[in-house]
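Engineer: Kindly generate the corresponding structure for this input.
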Amino acid sequence: MTVNLDPSFGRVEITYLTGEGRALGDNYLEITRQTISDGGAPVQRDSLAPLNLRLSGFQTLTARINVPFGVTTTGRANSRNFSELSFDPNRVLTEDSAGRLNDTGIDPATILDQNGNANTLPFDMDARIQVFPGRTSVVQLHVSTASFPGTSGSITFDSDTFKALNYNTSGTDPDAINHLAGRLGDFVRFPLADVDDSLKPVVRDESGTPIETASFVYFTGDNFALSDADGTYFQEVGNVFSEIVLGKWSEGSLASGFQGTYDLRDALPTDVTGTTRIVAIYGGFRDYNKVLSGGTSFEMVMFPNSSERYTFESDGGSGVVGRLGDVVAFARNASGKITNMYFGGVDLGKGTFDLYPIQYLGADPGDDAAQAARVTGTVTSYLDRNGAVTTDVKSIRKFTYTLPAPPSGVPATGTVTVFRK
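Structural biologist: From the prediction side, this is the model:
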């Protein structure tokens, strides 16, 4: 298959999640600049229109940053890792009784931190934001009165709380621990309309109760998702088996090239019933036949992930470092319609992979039927974008899979396409 992505730019979307309530005299931080850096010249957001972050009110605001991927003497970079994000408010505003925002005159550089120190803003955060050509990575940044306490223009900055709210503290990517971590947020959508209902996964509610069979499945490389047919349910599952996170989706051609958008929702903290939900993150999706073309009646695709690690290793203790590359395989009929699907993971270091029938996407990790249906195989012949053999996992664009005991309708050997330019 051919991957159809724009190789010249990637995108980062910084989603500011604000608020813990709302009252007269609320403080706002006005953000105009937003930069990230990978050791070279900082890259800043596309627009200079101000974003007003209401510290004690629930908001979801987004700053978009286009990341260039220029061609050098060694070719175009496979991805870029941004190790620093600068949180740089330029004004402190306060709300009056008429709802107007007024400049307090406070210079953010003079705001004292929890230890009485000034000049802590702009605040440079350790980051792990991997950006890929033609892809969108998303970053959640929590900004509230927990880290900026005060009202009516009186304000301090608790940098320890700010880091505690935003830094990643667990996972199998050691480079993301104690860092502000990004993830790929642009899903590729696969339709299940021509897959038999008995072979489809199910969309579940927060308690895990099945709601209906899924109409679409989605992949980014960092996450999987399922949805219904009409936009009521969008269910994200973080790994092969994972906790359920629900949201909604809608369809419509967008200027960004997405076929539609999705959101994921958290419980509203002030609702003691736990029934009201607010948007925590949102993004876009593209149909698979918009970004993948050609191919045969059976195809397998590997999606890169934000860790750029595609093998499991011991960390020297009881933990595991790394992760597998997510793979999706699908069979198509003579009309090009998908009639069956599989998903799984590939370990490029060990040269192995496994597949599960798509019906087990989001299943319980103790599901004996899922484990019994799993098939395993090997991968070899790693090739770069020029068709040359490579040992650099970031440079791989094609490789060969082999299944000793393939399921019915699955070829015993074939080519895997890596979803990157």
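Engineer: could you pull out the strands for the stretch 201-350 of the chain?
Structural biologist: In the stretch 201-350 of the chain, the strands defined using DSSP state E, counting those that start in this stretch lie at 202-204, 210-213, 216-219, 224-227, 234-237, 244-251, 260-267, 277-287, 292-293, 298-303, 312-314, 320-322, 325-332, 338-347.
Engineer: Give me the helices and strands touching the first one, please.
Structural biologist: Right, the one you point to is strand 202-204. Using 3 or more C-beta pairs under 8 Å, 6 or more residues apart in numbering; DSSP states H and E, the elements in contact with strand 202-204 are strand 210-213, strand 224-227. Quick note: C-beta positions are derived from backbone N, CA and C, even for glycine.
Engineer: and those, which is most packed in?
Structural biologist: The highest average neighbour count among the helices and strands packed on strand 202-204, using mean count of other C-beta atoms under 10 Å, belongs to strand 224-227 at a mean of 26.
Engineer: Direction included, what does that one pair against?
Structural biologist: The pairing partners recorded for strand 224-227 under DSSP bridges are strand 216-219 (antiparallel), strand 234-237 (antiparallel).
Engineer: I'd like those as CSV, with mean neighbour count and mean pLDDT appended.
Structural biologist: Output for the strands paired with strand 224-227, formatted as CSV (neighbours: other C-beta atoms under 10 Å; pLDDT from 0 to 100):
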stretch, mean neighbour count, mean pLDDT
strand 216-219, 24, 96
strand 234-237, 23, 84
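Engineer: Residue 327 is nearest to which of those strands?
Structural biologist: strand 216-219 (9.0 Å; C-beta to C-beta).
Engineer: Which residues does that closest one contact?
Structural biologist: For strand 216-219, contacts defined as C-beta atoms under 8 Å, 6 or more residues apart in numbering pick out 187-192, 201, 224-227, 229, 262, 285, 303, 326, 328, 341, 343, 358, 361.
Engineer: For residue 299, list the residues it contacts.
Structural biologist: Going by C-beta under 8 Å, 6+ apart, residue 299 touches 1, 292, 329, 330, 332, 414, 417.
Engineer: ok, the fourth one to residue 74 distance?
Structural biologist: In this structure, residue 330 and residue 74 are separated by 34 Å, where distance is defined by C-beta to C-beta, to the nearest Å.
Engineer: Quick check on these two: which one has the bigger neighbour count.
Structural biologist: Here residue 330 and residue 74 are set side by side on neighbour count (other C-beta atoms under 10 Å), and the busier one is residue 330, at 22 against 6.
Engineer: For the more buried one, list the residues it contacts.
Structural biologist: 190, 298, 299, 338, 340, 341, 342.
Engineer: Would you show me how to pick out the buried ones of the residues you listed in ChimeraX?
Structural biologist: Entered in ChimeraX, the line below selects the buried ones among the contacts of residue 330, by 16 or more other C-beta atoms under 10 Å:
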select :190,299,338,340,341,342
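Engineer: Residue 353: which of the contacts of residue 330 is nearest?
Structural biologist: residue 342 (10.5 Å).
Engineer: Distance of that closest one relative to residue 195?
Structural biologist: 11 Å.
Engineer: And for residue 122?
Structural biologist: 50 Å.
Engineer: And for residue 395?
Structural biologist: 34 Å.
Engineer: out of these two, which sits in the busier spot?
Structural biologist: residue 195 (24 against 17).
Engineer: show me the contacts for that one.
Structural biologist: Contacts of residue 195 by C-beta under 8 Å, 6+ apart are 338, 339, 340, 341, 358.
Engineer: Report pLDDT for it.
Structural biologist: Looking at residue 195, its pLDDT is 98.
Engineer: how about the helices in the stretch 301-421 of the chain?
Structural biologist: Ranges of helices within the stretch 301-421 of the chain are 368-373, based on DSSP state H, counting those that start in this stretch.
Engineer: residue ranges with poor pLDDT in it?
Structural biologist: For the stretch 301-421 of the chain, the stretches with pLDDT under 70 are 314-320, 364-366.
Engineer: same for the longest helix along the chain, what does it pack against?
Structural biologist: The longest helix of the chain (DSSP state H) is helix 159-166. Judged by 3+ C-beta pairs under 8 Å, 6+ apart, helix 159-166 is in contact with strand 123-131, strand 136-143.
Engineer: Just grab the bridge partners of residue 102 for me.
Structural biologist: Beta bridges link residue 102 to residue 94, judged by DSSP bridges.
Engineer: Tell me which residues touch residue 158, please.
Structural biologist: 113, 114, 146, 147, 148, 149.
Engineer: redo that, cut-off 10 Å
Structural biologist: If you count contacts by C-beta atoms under 10 Å, 6 or more residues apart in numbering, residue 158 has them with 113, 114, 115, 145, 146, 147, 148, 149, 164, 165.
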